[in-house]
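J.: Could you work out the structure for the sequence below:
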Amino acid sequence: MGSRPSKAETFVTDASETLNFPALLAPTELRKPRRLPKPTSDQRFAPPLFKVICLMHNQAQLDQIAKGPGFIAALDQSGGSTPKALKLYGIEEDAYGSEAEMFDLIHEMRSRIASAPEFNGDKVIGAILFEMTMDREINGKPSGLYLWEDSKVVPFLKVDKGLADEVNGAKLMKPIDGLDDLLKRAVEAQIFGTKMRSVIEAANPTGIAANVAQQFEIGRQILSHGLVPILEPEININMENKADAEAMLTDEIGKHLDALEPGQDIMLKLTLPEAANQYKQLVEHDRVVRVVALSGGYNRDEANARLAKNTGVIASFSRALTEGLSAKQDDAAFRAQLASTIDSIYQASIAG
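T.: Predicted coordinates for the structure are as follows:
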């Protein structure tokens, strides 16, 4: 694999002025990560009030995501999947009476995971957040800032708004209204990258091509904000001809990767494949920072076993991460279970 081109760092010195410097050529003082002053509640989502905002691919974060041993935790359950996630955590639907209470409870679960001492950058190199999680705090700090400063976990943001109806065996993403504004807020919240999910339900080349084209089109929009997009064209693990769909998907992604310009580097989140090392050409592509795998409905043991067979692919599990955790556990039991889970996913991620 060839040497990876330097990443661009973007520095905004005024609401209307943007300057780009190659990371390895910028003056040393500009390349140093700068912590933004914590905004007041009025300032937090008001870009014009920030006169100096540094939007950069923090080199330490980039190195950790590109080369660090470990995995990316998925803490981005949406409104539709939250009731199921809470139930698996031991909280039934009759425990909350409104959507607001439901989101409060899921944030408590995520905060409990993220603030545990075992959840740190030694084994968890990144975490994907739901928008409401980004907008809230963990232990008195904005969530993205807490993850990096306190735990050395690189923060990502889920940006998609759910799935459209199936066409040609694929469920594309619904339109993401207000995406540019959301990406601006993500940058202000010191988020490193994004994630967006669409689904492939059949080995249909037309549907797969449309799915991948949409992912890359929106990925370019995300790149324009200085964020690293994780593209997630998930393959349904229960579909017929799953291996055929994975081969089609690999080829289609490869075409789009070849069309990217130097510096337009992305990540991929893919379903654990039937054939070991199915995604090898994607892992080795110069435009790919990292390939991560979703558990996709496999239980943790099977997901780990499949992952360990794929060199260069690391985990980005959601349900498999929270499996075995319960609101009813005391702190000692909760931390012990979390530590065991993190270690098992970590071992599978470095096995290849």
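
J.: SS state for residue 321?
T.: Secondary structure, DSSP: H, G, I helix; E, B strand; the rest coil: residue 321 is helix.

J.: Where does the nearest residue to it once chain neighbours are set aside sit, in terms of helix or strand?
T.: Closest residue in space to residue 321, ignoring its immediate chain neighbours: residue 73 at 5.6 Å, by C-beta to C-beta, 6 or more residues apart in numbering. For the C-beta atoms, the positions are set from N, CA and C on the backbone; glycine is no exception. Taking DSSP states H and E as the criterion, residue 73 maps to strand 71-75.

J.: Packing partners of that strand?
T.: helix 99-114, strand 124-129, strand 288-294, strand 313-315, helix 319-322, helix 331-351 (3 or more C-beta pairs under 8 Å, 6 or more residues apart in numbering; DSSP states H and E).

J.: Contacts for the third one next, please.
T.: Taking contacts as C-beta atoms under 8 Å, 6 or more residues apart in numbering, the residues outside strand 288-294 that touch it are 62, 65-66, 71-72, 74, 228, 230, 232, 234, 257, 265-272, 279, 282-283, 303, 306-307, 310, 312-318.

J.: Got a ChimeraX select line for the buried ones in those?
T.: To isolate the buried members of those in ChimeraX, using 16 or more other C-beta atoms under 10 Å:
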select :62,65,66,71,72,74,228,230,232,234,257,265,266,267,268,269,270,271,272,279,282,283,303,306,307,310,313,314,315,316,317,318
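
J.: before we move on, the earlier item: after the strand holding residue 73 comes which helix or strand?
T.: Scanning forward in sequence from strand 71-75 by DSSP H and E, the next helix or strand is helix 82-88.

J.: buried stuff in that following helix?
T.: With burial defined by 16+ other C-beta under 10 Å, the residues of helix 82-88 counted as buried are 82, 83, 85, 86.

J.: OK, contacts around the closest residue to residue 133 other than its chain neighbours?
T.: Closest residue in space to residue 133, ignoring its immediate chain neighbours: residue 143 at 5.3 Å, by C-beta to C-beta, 6+ apart. Residue 143 makes contact with 114, 129, 133, 134, 135, 136, 137, 155, 189, according to C-beta under 8 Å, 6+ apart.

J.: How about residue 267: which residues does it bridge to?
T.: Legend: beta-bridge partners of residue 267 under DSSP bridges are residue 230.

J.: From residue 313, how far off is it?
T.: 11 Å (C-beta to C-beta, to the nearest Å).

J.: How about residue 86?
T.: For residue 86 relative to residue 313 (C-beta to C-beta), the value is 29 Å.

J.: Same check on residue 67?
T.: Taken as C-beta to C-beta, the span from residue 67 to residue 313 is 14 Å.

J.: Next: residue 62.
T.: Distance, residue 62 to residue 313, using C-beta to C-beta: 19 Å.

J.: So for stretch 142-154, what gets flagged as buried?
T.: By neighbour count with 16+ other C-beta under 10 Å, stretch 142-154 contains the buried residues 142, 143, 144, 145, 146, 147, 148, 151, 152, 153, 154.

J.: and the angle for the strand holding residue 73 with helix 99-114?
T.: If you take axes from the mean of the first three to the mean of the last three C-alpha atoms, to 10 degrees, strand 71-75 sits at 160 degrees to helix 99-114.

J.: partners of strand 71-75 in the sheet?
T.: Partners of strand 71-75 in its sheet, by DSSP bridges: strand 124-129 (parallel).

J.: Test my guess that residue 111 contacts residue 138.
T.: Yes: with contact taken as C-beta atoms under 8 Å, residue 111 and residue 138 are classed as touching, separated by 4.9 Å.
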